[in-house]
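Chemist: Return atomic coordinates for the entry below.
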Amino acid sequence: MSELLVKSAKHKTSHILDIEFSDGHHAYVDFSIFIFSSGHPDYEKYKSIDEFLKFEIIDGNLNWDDYTMIFPIEDLYHNKLVKNR
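Modeler: Here you go, the predicted model:
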């Protein structure tokens, strides 16, 4: 099996992205629970939709602001973002 990568990500609404993976699977991932519950100052700016939408796909990973915010691909694939502790 080849390495699982993020192929594309499209904004749906609020903090929800439709993420397409290299195997053709799509996942609608809501990042709001993570962003709004973290309380970490690095994530505060992503509460703004404008800042949240400044993500990039780099080397098959969905990433914000030079790896300030990045998630394991398997977690995105299965839509299982863990609330930041």
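Chemist: was I right about residue 51 contacting residue 45?
Modeler: Yes. Applying C-beta atoms under 8 Å as the test, residue 51 and residue 45 come out as touching, 4.5 Å apart. For every residue, glycine as well, the C-beta is placed using N, CA and C.
Chemist: what's downstream of the helix or strand bottoming out on mean pLDDT in the chain, the next helix or strand?
Modeler: Least confident helix or strand, the chain: helix 32-38 with a mean of 90, by mean pLDDT, DSSP states H and E. Downstream of helix 32-38, the first helix or strand assigned by DSSP states H and E is helix 49-52.
Chemist: mind saving the C-alpha coords of that following helix as PDB?
Modeler: The C-alpha atoms that make up helix 49-52 are tabulated as PDB, following Å, rounded to 0.1, in the frame of the first residue of the first chain:
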ATOM      1  CA  ILE A  49     -12.000  32.000   9.200                       C
ATOM      2  CA  ASP A  50      -9.600  34.200   7.100                       C
ATOM      3  CA  GLU A  51      -6.600  32.900   9.100                       C
ATOM      4  CA  PHE A  52      -8.000  29.300   9.200                       C
END
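Chemist: Report the mean confidence score over it.
Modeler: Averaging pLDDT along helix 49-52 yields 97.
Chemist: Show me what it is in contact with.
Modeler: Helix 49-52 is contacted by residues 14, 15, 31, 35, 45, 46, 64 when judged by C-beta atoms under 8 Å, 6 or more residues apart in numbering.
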